[in-house]
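S.K.: Structure of the sequence below:
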Amino acid sequence: MSGELHDLFAEVYDEVKAVLDETEGMSHPLVVLFRTSLEDERGAFERLLPALEREKPELESFKKDCSIVYLNDEIAESAFRAWLRAVDWMDHADSEEASKLENRFPGMKDTLKKAAAKMEDIYGAAKIKYVVPALYQPQTGGVQ
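M.R.: Here you go, the predicted model:
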């Protein structure tokens, strides 16, 4: 069970690294903002993924880093959307690059939602309630 959870988080980690690589030379303030959030997220993944490699990891052992991943994903996506609107509006040179990245963020969010559902299956809705933001939690009638 935790292997599937690990794989979902590893998929998002790979996407985070790809976005960081693709935006490395950019200096727009909104890019700096979402890159900072993604850097925090990457650090959390680097602690989270080894914890999920254990046979049956306790939620306590990775809940802080898990929360960091989800909260930084929200911040990064919001800042990315603001940057996308700004470069489109200004017809900025970065608009082509922004368009290339546009599909990455919804994909990461979908994968994080799948991971939240898996965590709910493993640990229960009551235990993940304060680890995973409501936006990512399954709406299956569990504890809200």
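S.K.: so what's the nearest residue to Y123 once chain neighbours are set aside up against?
M.R.: Closest residue to Y123 apart from its sequence neighbours, by Cβ to Cβ, 6 or more residues apart in numbering: L59 at 4.9 Å. Every residue, glycine included, has its C-beta placed from N, CA and C. With contacts defined as Cβ atoms under 8 Å, 6 or more residues apart in numbering, the neighbours of L59 are 119, 123, 127-128, 131.
S.K.: Narrow those residues to those in helices?
M.R.: 119, 123, 127-128 (DSSP state H).
S.K.: quick one: buried residues of the longest helix belonging to the chain?
M.R.: Once the chain is assigned using DSSP H, the helix that runs over the most residues is helix 63-90. Within helix 63-90, the residues scored as buried using 16 or more other Cβ atoms under 10 Å are 63, 65-73, 75-77, 79-80, 83-84, 86-87.
S.K.: for it, the distance to its chain's centre please.
M.R.: With Cα atoms, centre = their mean, to the nearest Å as the basis, helix 63-90 stands 9 Å off its chain's centre.
S.K.: now the helix or strand of the chain with the lowest mean pLDDT, how far from the centre of its chain.
M.R.: Scoring the helices and strands of the chain by mean pLDDT, DSSP states H and E places helix 95-101 at the bottom, with a mean of 74. Centre-to-centre, helix 95-101 and its host chain are 19 Å apart (Cα atoms, centre = their mean).
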